[in-house]
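Engineer: dropping the sequence and predicted coords here.
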Amino acid sequence: MADASGQVAFSFPPSWLFQFPPDPSPPSLPPAANQHSISAPFGINPTLYHAVLQPAVPITFAIGYVTCVKIANSFNRKRGNKPWSISKTNAFYYFVVLHNIGLALYSAVTCAAMARALYVSVPSPFGSAGLPGTLDSLCKLHGPRGLGDAVYYDTAAGSWISKNRLVHLAANNLTPDPTDVGRIWNEGLAFWGWFFYLSKFYEVFDTIIILAKGKRSSTLQTYHHAGAMMCMWAGMRYRGPPIWMFALVNAGIHTIMYTYYTLSAVGIRVPKAVKQLITTAQIMQFLVGITFAGAHFFVSYAVPVSVPYSVASAAAGAASSASSAASVVRGLVNSQSASSLAASATGGETVAWLKKFALRAANFEGPAQNVQNHAESKLGTEIVGAAHKLEQVRYRDEHQMIHCLETSGEGFAIWLNVVYLAPLTFLFARFFVKSYILAPPPKTARQRRVSDSAMSAARKTSDAIEKFGRSIEDTIGSFGEQTRDNVGVLDSRDAKRKVRVLIQETATTHDAGEAIEDDDVSSKAGRKGGATTYAGAVKEDLKSAKRANGSTSRDIDQTDPLQKPNK
Ligand SMILES: CC(C)(COP(=O)(O)OP(=O)(O)OC[C@H]1O[C@@H](n2cnc3c(N)ncnc32)[C@H](O)[C@@H]1OP(=O)(O)O)[C@@H](O)C(=O)NCCC(=O)NCCSC(=O)CC(=O)O
């Protein structure tokens, strides 16, 4: 299927894009050393650059990470999810705050640098190169800016090439020139993408923070971190074209997410609506990411290609028709040697030269030799020589459809990302449903009243128990004294009154406790957030209070000297 202009087409992807394992050629390309610009603020040692992109690095790390998380999860479960003692230290607190601030800032810088790279590399589809120009800039990451000027790896030829014969490779003639500007790789992805890949290893500290708090790392958390390092690796190792989006959008979302965690870590409560917005943005990035990355498999577009053609036929055409002559002139002006020829000749000389050229093409060699320039001298031998050369090989631009992707490695990087993102989107959607749809809604006035009464009930219970204990001690004390003094008569009315008042008080708080228990608001939310955690704690206090009250009452029943004996 092609668009109206026939310049863009959508078709089923060729099977070689799904080859596994992918072709290891070509290796990734470090950014140019000593560039000192926002695209690459400093050089990266090429050996190091390649070393961390070895497949063993992310695979080993991801397996090690998942194994450690499984062990730590079961450790935390066995300990009843008790926070590790280190999590109570100041050092841990400051580490968590700095970790989040650092990642928020780093993500913001990466996002800005990638946005700039996109801005300078991707032309508008409404510009002179149209939609193919935009697609070309998104599909081909190397070489100079301009439709059809990209440098890409031709798997069949086993070398880097360009559709434009005027575009040169690096000095070694084997790789794209690292100083080329105007495409995403050299404009920032080579540098910022590589560090973003490394940051995925550091981000496992998120999990360590969760574990240290005595919680268990969720499937979402573990899967996300293990998968992110694999996907960033594949994108950077094989230069999957849409990997820029991972770096740009994910860095943007992480700026917000780590700002949220910073606030959360210092105890600033973020409204639930904001939290919900962050989760929505995360889900959106995955959906857009899957669609955008997947589209690369299906897109082809037209690029101008320099096609060599035989001069003789073109020249014959030039002699026979004016329009063909015009095309010859265009061909000449388009070609490099013709440009230099034109540069060396003034307007009159060019006309004379064309006349000579047309005569020669028409096989009138004699008259051709005698063509003169405006100074009425025969055309210089160097011009004739150049024209002669032009007769050998000429190029003209034709439009050819090319696929967006060129190597099986690019294909691999994309499908790995799509395969990773699909379950991640599901896990996030489930998180969304659990956290914002199934979780209890914000408290109503009545629920708040119940919650308040829970707190005051808890307070009363504890005061009453305290008072009760003291009275029992006093009563037993005075009873003992009176017994010792052999008075034989306890001030029974006073003691009885005290005990009755206390039993009444605890009974009141017991009822309040029942009321709270019936209301599941405070109990369900229990584990998340300061207020709900407090409500959970209150409930626990109430339960203990109830237990304490029950046993104390039994004790009183058994010890009350004033109680009538059971019949
Ligand atoms: C709103 C969210 C950003 C965060 O939701 P959470 O449920 O994690 O939020 P929360 O308020 O319960 O916070 C969790 C607890 O950990 C503490 N905490 C502090 N710093 C943290 C850090 N860097 N990472 C994880 N937890 C951290 C919090 O203070 C809090 O402690 P306490 O409980 O003691 O108050 C959400 O959208 C989300 O990402 N949920 C998934 C959670 C997850 O596993 N994320 C993995 C990264 S996903 C990711 O990164 C996606 C992406 O690439 O965009």
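Structural biologist: Thanks, I have it.
Engineer: CA atoms for contacts and neighbours, from now on please.
Structural biologist: Noted.
Engineer: which strand or helix spans Y301?
Structural biologist: strand 299-309 (DSSP states H and E).
Engineer: state the distance from the closest residue to T279 other than its chain neighbours to the ligand.
Structural biologist: In space, T279 comes closest to F432 once its chain neighbours are excluded; the distance is 6.9 Å by Cα to Cα, 6 or more residues apart in numbering. Per Cα to the nearest ligand atom, to the nearest Å, F432 is found 8 Å from the ligand.
Engineer: got the CA positions of the helix or strand hosting R237 in PDB?
Structural biologist: Assigned by DSSP H and E, R237 falls within helix 219-238. Provided in PDB are the C-alpha atoms of helix 219-238 (Å, rounded to 0.1, in the frame of the first residue of the first chain):
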ATOM      1  CA  THR A 219       6.800  -8.300  39.300                       C
ATOM      2  CA  LEU A 220       6.400  -4.900  37.600                       C
ATOM      3  CA  GLN A 221       9.500  -3.500  39.400                       C
ATOM      4  CA  THR A 222      11.700  -6.500  38.700                       C
ATOM      5  CA  TYR A 223      10.500  -7.100  35.100                       C
ATOM      6  CA  HIS A 224      10.900  -3.400  34.300                       C
ATOM      7  CA  HIS A 225      14.500  -3.100  35.500                       C
ATOM      8  CA  ALA A 226      15.700  -6.400  34.000                       C
ATOM      9  CA  GLY A 227      14.000  -5.700  30.700                       C
ATOM     10  CA  ALA A 228      15.000  -2.000  30.400                       C
ATOM     11  CA  MET A 229      18.700  -2.800  30.400                       C
ATOM     12  CA  MET A 230      18.200  -5.500  27.800                       C
ATOM     13  CA  CYS A 231      16.200  -3.200  25.500                       C
ATOM     14  CA  MET A 232      18.500  -0.200  25.800                       C
ATOM     15  CA  TRP A 233      21.400  -2.600  25.100                       C
ATOM     16  CA  ALA A 234      19.900  -4.000  21.900                       C
ATOM     17  CA  GLY A 235      19.000  -0.500  20.800                       C
ATOM     18  CA  MET A 236      22.500   0.900  21.200                       C
ATOM     19  CA  ARG A 237      24.300  -2.200  20.100                       C
ATOM     20  CA  TYR A 238      22.400  -2.600  16.900                       C
END
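Engineer: got a pLDDT number for M236?
Structural biologist: pLDDT for M236: 98.
Engineer: how does the protein divide into domains?
Structural biologist: Partitioning the chain according to automatic domain parsing yields domains covering residues 32-304+401-437, 314-389, 445-559.
Engineer: comparing those, which gets the lowest mean pLDDT score?
Structural biologist: Mean pLDDT per stretch puts domain 445-559 lowest among those, at a mean of 47.
Engineer: which bits of the stretch 301-450 of the chain sit near the ligand?
Structural biologist: By Cα under 6 Å from any ligand atom, no residue of the stretch 301-450 of the chain approaches the ligand.
Engineer: at 8 Å instead, please
Structural biologist: Within the stretch 301-450 of the chain, the positions lying close to the ligand (Cα under 8 Å from any ligand atom) are F428, F431, F432, S435.
Engineer: state the distance from the second one to L438.
Structural biologist: Taking Cα to Cα, to the nearest Å as the measure, F431 and L438 are separated by 10 Å.
Engineer: tabulate the CA atom coordinates of stretch 192-200 in PDB.
Structural biologist: The C-alpha trace of stretch 192-200 is given here as PDB (Å, rounded to 0.1, in the frame of the first residue of the first chain):
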ATOM      1  CA  TRP A 192      23.500  10.200  25.500                       C
ATOM      2  CA  GLY A 193      21.900   6.900  24.500                       C
ATOM      3  CA  TRP A 194      25.000   5.000  25.700                       C
ATOM      4  CA  PHE A 195      24.900   6.700  29.100                       C
ATOM      5  CA  PHE A 196      21.200   6.100  29.300                       C
ATOM      6  CA  TYR A 197      21.900   2.400  28.700                       C
ATOM      7  CA  LEU A 198      24.400   2.400  31.600                       C
ATOM      8  CA  SER A 199      21.900   4.300  33.800                       C
ATOM      9  CA  LYS A 200      19.600   1.200  33.500                       C
END
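Engineer: any part of it near the ligand?
Structural biologist: No. Residues of stretch 192-200 are not located near the ligand by Cα under 8 Å from any ligand atom, the shortest gap being 9.6 Å.
Engineer: neighbouring contacts of that stretch?
Structural biologist: With Cα atoms under 8 Å, 6 or more residues apart in numbering as the test, stretch 192-200 has contacts from 39-40, 49, 110, 113-114, 225, 228-229, 232-233, 236, 244, 247.
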